[in-house]
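Participant: Got a sequence here, can you model it:
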Amino acid sequence: MTHALRPIDRLLAIMARLRDPERGCPWDREQDFATIAPYTIEEAYEVADAIDRGDIAALKDELGDLLLQVVFHARMAEEAGHFGFDDVAAAIVEKMVRRHPHVFGDVEIASVSAQNEAWEAHKAVERQARGEADSVLDGVASAFPALLRAAKISRRAARIGFDWPDARTVIPKLNEEIAELEAELDRDAEPAALEEEIGDLLFAAANLARKLDIEPETALRRATAKFERRFREVEALAAARSIGADLDALEALWQEVKKRENDASPARHSDATTRTREEQR
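Facilitator: Here you go, the predicted structure:
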């Protein structure tokens, strides 16, 4: 009696066939870790996008695409004699058991914050074992998106007390960075100097988000999506009303779209109701 292959086994077999030197796909055969890495990053973002949109069907598809990237990398590593897919799976199994002694052992951890501290402690020990413990900043991948990396780097620095007391104390730093940018603009600074000041401003903003337990990358992505949504409405209204490149008219349309969106928001209605009740007290 034959048993059907599990989907993961079929996927591994498909990847092996695609990479076959004689019968495989020419495109798949010529890839290497470096050429596939951008696709891996892209697929991870598409997973995040499906989650952000609440599209479960798309999430299933995007997770499959991301899994393919893992299989692709593992196949190339196996061909080079480094490791295979089973080694990847075994390594993460061992790591998860090791980092969860409160689940798979007899260690007691009372809260989420205590678990986070224990998790980071485990990671620090692992980095030290690999000879990567010269700095608390070690191990933060340089390929992370800039805002995400800024938050991670500053979070690492905070472990040894190099941090603001709370979110409000970061705001003066933002004001300071804006003032420095204005000073550079006043003296017609070179682009490199302006870039540095903009970078300092963004880094301070990432720290403010971190102190508020907000992921800056997510916040910016949603702000950009909001701008895109509103701008498309402005475009449609401008076309319908034959409004050209008139900044004042376009700004008026923007405010109209913004007000309509805010009025339709349940959260806004809730806030307004709360304010009205408080005013009546």
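Participant: For this protein, which residues score under the pLDDT cut-off?
Facilitator: The model of the chain has pLDDT under 70 over residues 1-2, 132-133, 266-281.
Participant: Now do the same for the spatially most central residue of it: helix, strand or coil?
Facilitator: With distances taken as C-alpha atoms, centre = their mean, the chain has Glu217 as the residue nearest its mean C-alpha position (5.3 Å). Under DSSP: H, G, I helix; E, B strand; the rest coil, Glu217 falls in the helix class.
Participant: which residues does it contact?
Facilitator: With contacts defined as C-beta atoms under 8 Å, 6 or more residues apart in numbering, Glu217 is in contact with 145, 147-148, 151. In short, each C-beta sits where N, CA and C put it, glycine included.
Participant: Mind checking which of those residues are in helices?
Facilitator: Counting by DSSP state H, those place 147-148, 151 in helices.
Participant: got a markdown table for these, with neighbour count and distance to Lys123 too?
Facilitator: Below are the ones in helices among the contacts of Glu217 laid out as a markdown table (neighbours: other C-beta atoms under 10 Å; distance: C-beta to C-beta, whole Å):
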| residue | neighbour count | distance to Lys123 |
| --- | --- | --- |
| Leu147 | 20 | 21 |
| Leu148 | 17 | 17 |
| Ala151 | 24 | 16 |
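Participant: quick check, nearest of these to Ala118?
Facilitator: Closest approach between those and Ala118, by C-beta to C-beta: Ala151, at 20.8 Å.
Participant: From Ala143, how far out is that closest one?
Facilitator: 15 Å (C-beta to C-beta, to the nearest Å).
Participant: hmm, who's touching stretch 124-136?
Facilitator: With C-beta under 8 Å, 6+ apart, stretch 124-136 has contacts from 138-139, 156-157, 159-160.
Participant: out of the residues you listed, who's nearest Asp32?
Facilitator: Distances from Asp32 to these, taken by C-beta to C-beta, are shortest for Gly139, at 24.3 Å.
Participant: So that closest one, which state does it fall into?
Facilitator: The local conformation at Gly139, judged by three-state DSSP, is coil.
Participant: Based on its surroundings, how many neighbours for the closest residue to it other than its chain neighbours?
Facilitator: Among residues not flanking Gly139 along the chain, Arg127 sits closest, at 5.2 Å (C-beta to C-beta, 6 or more residues apart in numbering). Arg127 has 16 neighbours, counted by other C-beta atoms under 10 Å.
Participant: element containing Arg127?
Facilitator: helix 112-129 (DSSP states H and E).
Participant: Repeat that for Glu196.
Facilitator: helix 191-211.
Participant: and if you look at Ala37?
Facilitator: helix 33-53.
Participant: Which of the residues in the helix holding Arg127 are classified as buried?
Facilitator: 118, 124, 127 (16 or more other C-beta atoms under 10 Å).
Participant: which non-adjacent residue is nearest Asp58?
Facilitator: Not Asp; residue 58 is Ala. Using C-beta to C-beta, 6+ apart and skipping residues adjacent in sequence, the residue nearest Ala58 is Ala50, 4.1 Å away.
Participant: Distance of the one you found relative to Glu197?
Facilitator: Look at Ala50 and Glu197: by C-beta to C-beta, they are 36 Å apart.
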